[in-house]
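S.K.: The following comprises the amino acid sequence and a computationally predicted model.
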Amino acid sequence: MSETNTVSRDATGPIVREKSTRTLVAVEGISKYFPVRTGFFSPPDLLRAVDHVSLRVRKREVLGLVGESGSGKSTLGRLFLRLYEPTAGKVVFDGKDLSRITAAELRALRRRMQMIFQDPYSSLNPRMRIREIVAEGIQIHKLAKTKREETERVAALLTKVGLTPDVMDRLPHEFSGGQRQRVGIARALAVDPDFIVCDEPVSALDVSVQAQVVNLLSDLRENLGLSYLFISHDLRVVQHLCDRVAVMYLGRVVELAPRDELFEHPRHPYTDVLMNAVPSVSGQKKKLAVLLDGEPPSPLRPPPGCAFHPRCPRAIKGTCDKDVPKLEAIGPDGEHRVACHNPVP
Ligand SMILES: Nc1ncnc2c1ncn2[C@@H]1O[C@H](COP(=O)(O)OP(=O)(O)OP(=O)(O)O)[C@@H](O)[C@H]1O
Ligand SMILES: [Mg+2]
């Protein structure tokens with residue numbers, strides 16, 4: 001099946017792309033509960049970090065994942081890569097249920113899924129040279145026949161991420177944050193992946209280099225046809241890069257929509273508040289906590305019904321505090337989904 005992905009970009013605006021429709025990777029009804037002890041003598045409680053989430057990433061798509069700290073974004077990212085064993089639910093990659101394939105098949109598929117981490121300081125082994133860091137995956141998956149071929153591959157990867165091949169024999173501490181993140185990206189690309197989970201890939205970087213790294217990620221996905229799950233709390237970055245956006249609250253997806261739709265017409269009261277916290281042109285950022293009552297509740301003791309109801313300006317007594325709303329299509333084409341009993345009109 002052929003797939004067209006017409007891309008256009010004007011000088012400053014966000015990336016505009018015709019949507020692709022084929023699914024690359026999906027989680028279906030996936031949950032991750034962590035047993036945690038809250039007291040010496042009490043039995044472990046279950047912390048519902050991710051609770052019954054179904055979400056798919058299409059081929060060549062960037063799916064953004066946003067939400068407050070502790071809402072379960074990183075846990076969901078790890079579930080997508082099967083770095084965590086799910087408590088319930090499954091991951092389907094390129095049509096294969098990852099829980100039903102052999103260890104050898106899983107190893108082979110692992111090559112096609114990679115992760116880029118938030119902190120380019122701790123994610124690179126300080127004792128390994130850049131060459132070794134980038135070549136590790138090439139060696140594990142035997143992607144080069146000779147040492148020379150391996151070196152050539154590493155050199156090409158470094159060039160691809162905007163570094164010069166002569167940095168190969170240096171150590172991570174000799175580089176700036178932005179350069180280290182480029183090394184992290186080269187390491188992820190080394191095994192020719194299709195799908196990359198980017199977990200806050202620019203949050204630890206100076207604001208001045210964030211845009212460069214975001215643009216690099218954007219160019220790479222364009223040129224290499226990659227799909228990303230892009231986790232970020234920076235809505236400006238999400239607006240720039242993502243095709244669709246999922247909003248998480250306390251372990252659940254509360255809204256899912258094409259980017260422009262979500263930013264222009266958020267339907268979940270929580271998304272509505274999130275959008276109001278986006279910095280304005282003058283750089284004044286309204287804090288979420290100011291816009292919402294109190295802190296988010298603990299995932300150890302989520303409120304009954306809709307977990308957002310205690311902070312929600314549109315909560316309906318007797319409904320929102322009782323029934324958990326399902327993520328359901330709102331609007332004609334089914335692309336915009338919201339889990340809310342009383343969505344923003
Ligand atoms: N290994 C673990 N054991 C116990 N609890 C965990 C574990 N990992 C995460 N959690 C808890 O699960 C919830 C979700 O955590 P997660 O790191 O996925 O959130 P997040 O949305 O990525 O937050 P942040 O924006 O701060 O990175 C939190 O309450 C967290 O404390
Ligand atoms: Mg996280």
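M.R.: All right, it came through fine. Numbering: from 1, shown residues only. Ligands and ions are numbered 1, 2, ... in the order given.

S.K.: for L79, helix, strand, or coil?
M.R.: In three-state terms, and counting by DSSP: H, G, I helix; E, B strand; the rest coil, L79 is helix.

S.K.: Let me fix that, I meant to ask about S54.
M.R.: Following three-state DSSP, S54 is assigned to strand.

S.K.: That one contacts V27, doesn't it?
M.R.: Yes. In this structure S54 lies within contact range of V27 using CB atoms under 8 Å: 6.4 Å. From N, CA and C alone the C-beta is placed, and that goes for glycine too.

S.K.: Between the two, tell me which one has more neighbours.
M.R.: Between S54 and V27, counting by other CB atoms under 10 Å, V27 is the more crowded of the two (23 against 13).

S.K.: Which positions within the strand or helix carrying that one qualify as buried?
M.R.: Assigned by DSSP states H and E, V27 belongs to strand 23-36. Neighbour counts over strand 23-36 (16 or more other CB atoms under 10 Å) mark T23, L24, V25, A26, V27, E28, I30, S31, K32, Y33, F34 as buried.

S.K.: Tell me the one among the residues you listed nearest to ligand 1.
M.R.: Closest to ligand 1 out of the buried residues of strand 23-36 is F34 (3.4 Å), distances taken as CB to the nearest ligand atom.

S.K.: Can you tell me, leaving aside adjacent residues, what's nearest to that closest one?
M.R.: Closest residue to F34 apart from its sequence neighbours, by CB to CB, 6 or more residues apart in numbering: L47 at 4.6 Å.

S.K.: thought V57 was touching G64?
M.R.: No. V57 lies out of contact with G64 (CB under 8 Å); the separation is 10.5 Å.

S.K.: rewinding a little: quick check: the residue nearest to F34 touching P299?
M.R.: Yes. Counting by CB under 8 Å, L47 touches P299, with 5.3 Å between them.

S.K.: what is in contact with S54 and V27 at once?
M.R.: Common contacts of S54 and V27, defined by CB atoms under 8 Å, 6 or more residues apart in numbering, comprise G89.

S.K.: ok, now which ones touch E28?
M.R.: Neighbours of E28 in contact, by CB under 8 Å, 6+ apart: S54, G89, K90, V91, V92.

S.K.: one more time with 7 Å, if that's ok
M.R.: By CB atoms under 7 Å, 6 or more residues apart in numbering, the contact list for E28 reads S54, G89, K90, V92.

S.K.: Which helix or strand contains the nearest residue to P266 once chain neighbours are set aside?
M.R.: Nearest non-adjacent residue to P266, counting by CB to CB, 6+ apart: D272, 4.7 Å away. According to DSSP H and E, D272 maps onto helix 269-276.
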